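In: this is the structure alone, sequence omitted:
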Ligand SMILES: NC(=O)c1ccc[n+]([C@@H]2O[C@H](COP(=O)([O-])OP(=O)(O)OC[C@H]3O[C@@H](n4cnc5c(N)ncnc54)[C@H](O)[C@@H]3O)[C@@H](O)[C@H]2O)c1
Ligand SMILES: [Zn+2]
Ligand SMILES: [Zn+2]
């Protein structure tokens, strides 16, 4: 089958690889009809998320059709159309049973304390071959592959694989409640869904910070108030438009590939270049950068700093942007002095997928409005390159493999 394979930082290829097979009783093999590229994939290609093993198939978002199941999968007849959550959970350990599927005791072959198990990720996450491919082996498929209701299209369902649950989780981490003013840092696909999620969770206002005008424009159409950090100082604006207090809640939907402002008043007070360079060398010793392509963010702590500086005293920050294990410079002292609450982690996708599918099926949310590009899998590498460059209009890239 064809699949997008990671060979090294900055080196991904569309290869012919062998088809997956059933290996454990709870496995299913799913024929993928729609897959997508996530910002997390970019960290892995840019080199800001280390530990990738050459030969790993990338991708952790998919919708497909069940082809074959092991004897432990009692709930998925062949031919069932399913959405597959990005993280793997067994469904029976105490963590899964309390909804914290991303800290499952049994899914990660490296052991119960090795961290979140997910598709298409670094060695310590499994590794499990990912879903930017024609077929995938889904471990614990009886739990992780969720039937898609009739009437929900592939293009809608693919958003429920990772980014919508992640954004929803960001709102829950940030403790968004009725009337709250919420700032979302980052207007990529996850940030866009964070706007939608925060509004559904009761936010009175949602303010979105990014440096890419087309992404800010998209967030505005969803109901967000836009702040361009290359034109204004976001910390100052967040305070000014909230009567001097700052937002109650912040969702960090940027993570380690955070950028420093390039122009405008915020450029002066930005994270010092020298400090940023040290952090970048620490998190991405093997950068995949090729000219303008696969460039790691030049301010790993910039979004974290703005979150801590911009938020109201005693506010709550939900961090869903990925910071890898090698990142150790969160502005903790400033958070301490403001009595902040900071909550973070990998999304326990399966906890939210069924409810979010219901929101989509009932027409409350049309997630396909966030998706702006389609590519056949043969164009996958080009699609990656374009998504990496954050080109105008490219928000979520969906790969169709059928
Ligand atoms: N926690 C989880 O389980 C989980 C799941 C999925 C994705 N993620 C993470 O969520 C983050 C966003 O994903 P995405 O697909 O939207 O990625 P993306 O790369 O498309 O979006 C990131 C956005 O942040 C903006 N940005 C850069 N520096 C900024 C700054 N200093 N302040 C504000 N905005 C800034 C960029 O312009 C871009 O629009 C990534 O870190 C991804 O790895 C986490
Ligand atoms: Zn993702
Ligand atoms: Zn479990």
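Out: Received, thanks. Keep in mind it's a predicted model, so treat the numbers as computed, not measured. Numbers count the residues shown, from 1 in each chain. Ligands and ions are numbered 1, 2, ... in the order given.
In: give me the nearest residue to the residue of the stretch 251-400 of the chain found nearest ligand 1, chain neighbours excluded.
Out: Nearest residue of the stretch 251-400 of the chain to ligand 1 (CB to the nearest ligand atom) works out as residue 255 at 2.7 Å. (C-beta placed from N, C-alpha, C; glycine too.) Using CB to CB, 6 or more residues apart in numbering and skipping the chain neighbours, the partner closest in space to residue 255 is residue 321 (2.8 Å).
In: run through the residues of the stretch 301-402 of the chain sitting next to ligand 1.
Out: Selection of the stretch 301-402 of the chain residues close to ligand 1 by CB under 6 Å from any ligand atom yields 302, 303, 320, 321, 322, 346, 347, 390.
In: mind listing what the closest residue to the first one other than its chain neighbours touches?
Out: Across the structure, with CB to CB, 6+ apart as the measure, the residue nearest residue 302 apart from its sequence neighbours is residue 258 (4.4 Å). Contacts of residue 258 were listed using CB atoms under 8 Å, 6 or more residues apart in numbering, and they are 297, 299, 300, 301, 302, 303, 304, 321.
In: report the closest residue of the stretch 151-300 of the chain relative to ligand 2.
Out: The stretch 151-300 of the chain approaches ligand 2 most closely through residue 162 (4.1 Å), counting by CB to the ion.
In: and the two most separated of the contacts of residue 258?
Out: Farthest apart among the contacts of residue 258 by CB to CB are 299 and 321. That separation is 12.6 Å.
In: so what are the domain limits for the chain?
Out: Following automatic domain parsing, one finds the domains of the chain at 2-162+347-400, 164-344.
In: now look at the longest one and say if it contacts ligand 3.
Out: Yes - judged by CB under 5 Å from the ion, domain 2-162+347-400 comes into contact with ligand 3 through 89, 90, 93, 96, 104.
In: for burial, what's the neighbour tally of the second one?
Out: This means residue 90. 21 (other CB atoms under 10 Å).
In: likewise the last one?
Out: Other residues within reach of residue 104 by the criterion other CB under 10 Å amount to 25.
In: ok so, going back, contacts only, for the residue nearest to residue 255.
Out: 185, 186, 190, 252, 253, 254, 255, 256, 258, 303.
In: show me what from the protein comes close to ligand 1.
Out: Going by CB under 6 Å from any ligand atom, the residues of the chain near ligand 1 are 38-40, 42-43, 162-163, 166, 185-191, 209-212, 215, 229, 253-255, 258-259, 297, 302-303, 320-322, 346-347, 390.
In: where does pLDDT dip in the protein?
Out: 377-378, 401-402 (pLDDT under 70).
In: which stretches of it form helices?
Out: With DSSP state H, the ranges of helices along the chain come out as 39-46, 94-97, 141-144, 154-157, 163-173, 189-200, 213-221, 234-240, 273-283, 302-310, 332-337, 349-361, 380-388.
In: how near is the nearest residue to residue 177 once chain neighbours are set aside to residue 240?
Out: In this structure, residue 177 finds its nearest non-sequential neighbour in residue 202, 5.6 Å apart by CB to CB, 6+ apart. Taking CB to CB, to the nearest Å as the measure, residue 202 and residue 240 are separated by 24 Å.
In: repeat for residue 361
Out: Distance, residue 361 to residue 240, by CB to CB: 41 Å.
In: what do you get for residue 398?
Out: Taken as CB to CB, the span from residue 398 to residue 240 is 38 Å.
In: which of those two has more residues huddled nearby?
Out: residue 398 (21 against 12).
In: would you confirm that that one contacts residue 376?
Out: No - applying CB atoms under 8 Å as the test, residue 398 and residue 376 come out as separate, 10.4 Å apart.
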